[in-house]
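1. Got a predicted structure here, sequence first:
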Amino acid sequence: MDARWQPLARDSIRAASVWHHPSATPLQMVSGTHSDGVNLTAFASRISHSASEASVTLNWHAELNGAAQPQPGTLLELRLDGQLLWWGIIEALNDYRLSSGTRSLTVTARSRDASPLWRELRRVSALYPVATPLSVIARDIALSLGLTGAEILFGDSAATTVHSNTQLADLSAWEMLAKIWQPLGREPLVDARGVLKTISRDISRAADIVLTAEQIIAIGAAKSRPPLTLVRVKWLDPNLTKVSQQSQKLAAETITAGYFQIHQKKHVQFSADGTQRAENTYLVIRQSANTSLVPVCEETYQQLTLTEGLIQLNTSMWVPGLATVSLATILYNAMIPDAVPPPGTETMPVGRRIQAAAEVTVLLVMMSIGTGMYEVWGTPFDFVHARNRTEAFDDAAPAWLGNEVEIENDFVMDEPMAQAFAVRELIYRAREAASYTVSIVDDPRIEPGDILQLPDASRLYVTGYRRDLSPGAPAVLEIEGLRA
């Protein structure tokens, strides 16, 4: 509700005026420090506006030619009884005509949040730690749009972030603001003064404005679509949950073992980046290093940490010992002289026989070198934030009229908040299916988000309005809304 105004009396005459601001800034409009206003009221034949758009038809002979003509990107202000009623940014000049020396065109202006800067440009927010108030994040986003503190009216929020390194990405600024305030039952709104604030989506709260029978002119209703029967909210649990995968191969290694090294150690990680955690890991031998002539080693495995294991091949001590002794035997027996028998008989090669036996032993040791192929298997696991689902549904709705919607929002703090969120959205969207129109005596206090109480005790949640400020137009406000 805009507290600057009082309701108008029935059949009252409104003094509306149109002002063009060719050089003023939005901040000057909000603070009232502009000084460049050009009064176009004398040229305005038709004036109308809603909460987000205004349309003014201008007729002139030569007064608004050239630089005097409003241009897109400049500001347009509507005043009522000399007081700011609404202002917006001129978006387009349409329907230009020249007839009998009289020129006319229609100026279309929209609220500041309709610009591509707010609605289309994709953004990435900063990273926010745990326990950051949501109002702080929303304010930072608003400041990134070029707004100042005087143009932001959010207030503080008790809700905070519950995850570390929270960030919004690949969303427009308006989508970011809507997602932040959604779990709290609020949505962003730029009011008639150009101030960014939030309005409540709770249609069960007390009425903001009570209308009398004298203020009501006409009431109409039209059902536009089937009502919603189920709202499903998906949110990220703040508590970590252990999630295990199916047992699988985590690492593979090839290791060669032999007399040349007693201990062969190979540290293996359970993922390429070394971050995968696993449990119940074990060794699978695809090809053993002991498949050579003589088994020479012992193959073992142990898990060192949650992300790393150790494969170890321990060569038996007799292997290098036997090789060393055999080499020494070869050298020693090379010095043994051969026995010389009587003439006419064969020489007895005593030393060469012993030397050959030692050489065979060395060759056997060398032929026992083996290459093993090993795999480490286990159960990978991670601690993750579970994706929870909270549902609110209309148990009285027939099954064949099912109409569901799913909302994903990671700013939900806990289950009670998710339940309140789902119930509130179900009620709002179910009521939204049936739209109402009410014509009342103009009341500048009314803005989107207000709840009006009608004389018959029924209530209306305002979603939009439109008023005609053309010269001679009756003081009537057309309201669109849903039953509260």
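-> Good, I have the coordinates.
2. Let me know the average pLDDT across the longest strand along the chain.
-> Assignment by DSSP state E gives strand 370-393 as the longest strand of the chain. In this model, strand 370-393 has a mean pLDDT of 92.
3. Run through the stretch 101-250 of the chain and note the low-pLDDT ranges.
-> Low-confidence segments of the stretch 101-250 of the chain (pLDDT under 70): 223.
4. Find the centremost residue of this protein, please.
-> Centroid-nearest residue in the chain, with CA atoms, centre = their mean: Leu168, separated by 4.5 Å.
5. circling back to that earlier point, what's the longest strand of the chain packed up against?
-> With contacts defined as 3 or more CB pairs under 8 Å, 6 or more residues apart in numbering; DSSP states H and E, the packing partners of strand 370-393 are strand 230-244, strand 248-257, strand 277-287, strand 297-303, strand 308-315, helix 415-432. C-beta: built from backbone N, CA, C; applies to glycine.
6. That strand versus helix 415-432: what angle between them?
-> 50 degrees (axes from the mean of the first three to the mean of the last three CA atoms, to 10 degrees).
7. Output strand 370-393 as PDB, nothing but the C-alphas.
-> Taking C-alpha atoms only, strand 370-393 is exported to PDB below (Å, rounded to 0.1, in the frame of the first residue of the first chain):
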ATOM      1  CA  GLY A 370      58.000 -61.200 -13.400                       C
ATOM      2  CA  THR A 371      55.600 -58.400 -14.400                       C
ATOM      3  CA  GLY A 372      52.200 -58.200 -12.600                       C
ATOM      4  CA  MET A 373      49.000 -56.400 -13.700                       C
ATOM      5  CA  TYR A 374      46.900 -55.300 -10.800                       C
ATOM      6  CA  GLU A 375      43.500 -53.500 -10.200                       C
ATOM      7  CA  VAL A 376      42.200 -51.900  -7.100                       C
ATOM      8  CA  TRP A 377      38.400 -52.400  -6.700                       C
ATOM      9  CA  GLY A 378      36.200 -50.900  -4.000                       C
ATOM     10  CA  THR A 379      33.000 -48.900  -3.200                       C
ATOM     11  CA  PRO A 380      33.300 -45.200  -4.100                       C
ATOM     12  CA  PHE A 381      31.300 -42.800  -1.800                       C
ATOM     13  CA  ASP A 382      30.800 -39.100  -1.300                       C
ATOM     14  CA  PHE A 383      29.100 -36.900   1.200                       C
ATOM     15  CA  VAL A 384      26.500 -34.900  -0.700                       C
ATOM     16  CA  HIS A 385      23.600 -32.600   0.000                       C
ATOM     17  CA  ALA A 386      20.500 -34.600  -0.800                       C
ATOM     18  CA  ARG A 387      17.900 -33.200  -3.100                       C
ATOM     19  CA  ASN A 388      14.700 -33.200  -1.000                       C
ATOM     20  CA  ARG A 389      11.200 -33.000  -2.300                       C
ATOM     21  CA  THR A 390       8.300 -31.500  -0.300                       C
ATOM     22  CA  GLU A 391       4.800 -31.600  -1.700                       C
ATOM     23  CA  ALA A 392       1.600 -29.800  -1.000                       C
ATOM     24  CA  PHE A 393      -1.600 -31.100  -2.700                       C
END
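8. Each with direction, which strands does that strand pair with?
-> strand 230-244 (antiparallel), strand 248-257 (antiparallel), strand 277-287 (antiparallel) (DSSP bridges).
9. Run the angle between it and strand 297-303 for me.
-> 20 degrees.
10. Helix or strand next in line after strand 370-393, which one?
-> strand 404-408 (DSSP states H and E).
11. So which elements touch that following strand?
-> Using 3+ CB pairs under 8 Å, 6+ apart, strand 404-408 sits against strand 230-244, helix 415-432.
12. What are the buried residues along the shortest one?
-> It stands for strand 230-244. When neighbours are counted by 16 or more other CB atoms under 10 Å, the buried residues of strand 230-244 are found to be 230-233, 235-238.
13. That's all I had, so thanks and see you.
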